[in-house]
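>>> Kindly return the folded structure for what I paste below:
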Amino acid sequence: MGGSAVATEGTPGPLLFGLDGSREFAAQVAQALGTAPAAHEEREFEDGEHKARPLASVRGRDVYVLHSLYGDASRSANDKLCRLLFFIGAVKDAAAARVTAVVPYLAYARKDRKTQARDPVTTRYVAALFDAVGTDVVATVDVHNLAAFQNAFRCRTEHLEAADLFVAELAPRLAGNDVVVVAPDEGGIKRADAFRRRLAAALGTPVGAAFCEKYRSGGVLGGGMLAGDVGGCHAVIVDDLIGTGATLARAGGACRAHGAAQVTAVATHGLFTGDAPALLAASAIGATLVGDTVAPFRLGAAMAQARVRVVGCAGMVAAAIARWHGGAGADVGD
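As a prediction, the model looks like this:
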């Protein structure tokens, strides 16, 4: 995609900033847009405080700030969130016309409701922080609960789905097989069914559906019942993210116990926390596809090469920025 795709004649293109920890992803997005990330400065102070500011003029510009909010070896999700908010505030103070926070992985999106007495609804509090610094738009990829995400923010939200990227990767491998798409829990049925319909269209053949029982008690996962027929089929387990890997490993075991010939897992965000790499390596799942919204830094080299395939999302994000900058927006279903 060249620069002409994101700007009409006489209209400057979007300014894209990639904060520390997301520079590589931002550079890929910028390349797909036919531009380069805008210059900015991030400074650390001796007492642990920091500041960040744009070095390019943002006055009257359409600005996109990209930062994926997952914790890594250098910064926690909280630290990244704070830095993103402060940078957005600085850009707004510098008279940007519009600021879009492009957050491929949105921290705290899973805590979107009360599950116990006096529980926090952290998704709503994070939304209030973005609103407080003047964010015009918040965009993310495959959020945990779309309705909760859309309802939490007062500013406009944009939601991107990576399903088509995974379908394009899977379809050639699955051709000629009987395929069943499996939701690893009841809450993921709608997500899995949407994926199933896309995959069936790509394969040109019917694709079955199933879901696995899941319950949690005292922090321990349970449940092994599988609703749906996976016998002799290639089971594709679809989820939004991989945390400890326990949910996917349990679902993979249930599929094999019910006669699945092969098991593949698909998840947009690969956090791989705790013992996830070892757990998935020992599981019934033969291959796992994840997006690069979270860098797979927790995977060992052997696991990454043999069992996990990372699917790039930068082109999808760049195409969305081109649409938003052109004024078309991205309604649900785009």
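
>>> Does Pro120 touch Tyr108 like I think?
No - Pro120 sits out of contact with Tyr108 when judged by Cβ atoms under 8 Å, with a separation of 9.3 Å. Just so you know, the C-beta spots here come from the backbone N, C-alpha and C atoms, and that holds for glycine as well.

>>> These two: which is more packed in?
Tyr108 (20 against 10; other Cβ atoms under 10 Å).

>>> which ones are touching the more buried one?
Ala77, Thr122, Thr123, Tyr125, Val126 (Cβ atoms under 8 Å, 6 or more residues apart in numbering).

>>> Filter the residues you listed down to just the buried residues.
Ala77, Thr123, Val126 (16 or more other Cβ atoms under 10 Å).

>>> Among the residues you listed, find me the one that's closest to Glu169.
Ala77 (27.6 Å; Cβ to Cβ).

>>> which residues touch that closest one?
Ala77 neighbours (Cβ under 8 Å, 6+ apart): Leu69, Tyr70, Gly71, Ala107, Tyr108.

>>> Repeat that for Arg53.
His40, Glu41, Phe87, Ala90, Ala94.

>>> could you measure the third one against Pro104, distance?
Going back to what we said before, that points to Phe87. 16 Å (Cβ to Cβ, to the nearest Å).

>>> The first one too?
Applying Cβ to Cβ, one obtains 18 Å for the distance of His40 from Pro104.

>>> ranking the contacts of Ala77 by neighbours, who comes first?
Leu69 (26 neighbours).

>>> Now do stretch 31-48: distance from first to last residue.
End-to-end distance for stretch 31-48, by Cα to Cα, to the nearest Å: 33 Å.

>>> which residues touch the residue nearest to Ala261 when sequence neighbours are not counted?
Sequence neighbours aside, Gly232 is the residue nearest to Ala261 in space, at 5.5 Å (criterion: Cβ to Cβ, 6 or more residues apart in numbering). Contact partners of Gly232, counting by Cβ under 8 Å, 6+ apart, are Asp178, Gly259, Ala260, Ala261.

>>> Restricted to buried residues, select those in ChimeraX.
Only the buried entries of the contacts of Gly232 go into this ChimeraX selection, using 16+ other Cβ under 10 Å:
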select :178,260
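
>>> which of the contacts of Gly232 lies closest to Gln116?
So of these, ranked by how close each gets to Gln116 (Cβ to Cβ), first place is Ala260, at 34.9 Å.

>>> how near is the closest one to Ala319?
35 Å.

>>> now swap in Leu299 and tell me
27 Å.

>>> next one: Val99
From Val99 to Ala319 the distance is 20 Å (Cβ to Cβ).

>>> Comparing those two, which shows the higher neighbour count?
Using other Cβ under 10 Å, the more surrounded residue of Val99 and Ala319 is Val99, with 28 against 19.

>>> Contact partners for the more buried one?
Applying Cβ under 8 Å, 6+ apart, the residues near Val99 are Val63, Tyr64, Val65, Ile88, Val91, Lys92, Gly134, Thr135, Asp136, Val137.

>>> Give me the buried subset of those.
So, by 16+ other Cβ under 10 Å, the buried ones in these are Val63, Tyr64, Val65, Ile88, Val91, Lys92, Thr135, Asp136, Val137.

>>> Throw those residues into TSV and include distance to His159, thanks.
Output for these, formatted as TSV (distance: Cβ to Cβ, whole Å):
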residue	distance to His159
Val63	20
Tyr64	16
Val65	17
Ile88	19
Val91	22
Lys92	23
Thr135	15
Asp136	16
Val137	11
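
>>> Please flag which of the residues you listed sit within strands.
Val63, Tyr64, Val65, Val137 (DSSP state E).

>>> what's the closest of those residues to Arg154?
Closest to Arg154, out of all of those and judged by Cβ to Cβ, is Val137, at 11.5 Å.

>>> Let me see the contact set for the closest one.
Arg98, Val99, Thr100, Ala101, Cys155, Arg156, Thr157, Glu158, Trp324.

>>> Please list only the buried members of these.
Arg98, Val99, Thr100, Ala101, Thr157, Glu158, Trp324.

>>> Out of the contacts of Val99, name the two that are farthest from one another.
Tyr64 and Gly134 (14.7 Å).

>>> for the protein, what spans make up the helices?
23-33, 77-93, 122-132, 146-152, 163-174, 189-203, 246-257, 276-281, 301-306, 314-325 (DSSP state H).

>>> ranking these by burial, who's on top?
helix 246-257 (a mean of 23; mean count of other Cβ atoms under 10 Å).

>>> got a list of contacts for that one?
182, 184-185, 210, 212, 214, 221, 223-226, 230, 235, 237, 239, 242, 263, 265, 267, 279-280, 282-285, 288.

>>> Now do that helix, average pLDDT.
Across helix 246-257, pLDDT averages out at 93.

>>> wait, doesn't Arg154 sit right on Ala127?
Yes - counting by Cβ under 8 Å, Arg154 does reach Ala127; the two are 7.5 Å apart.
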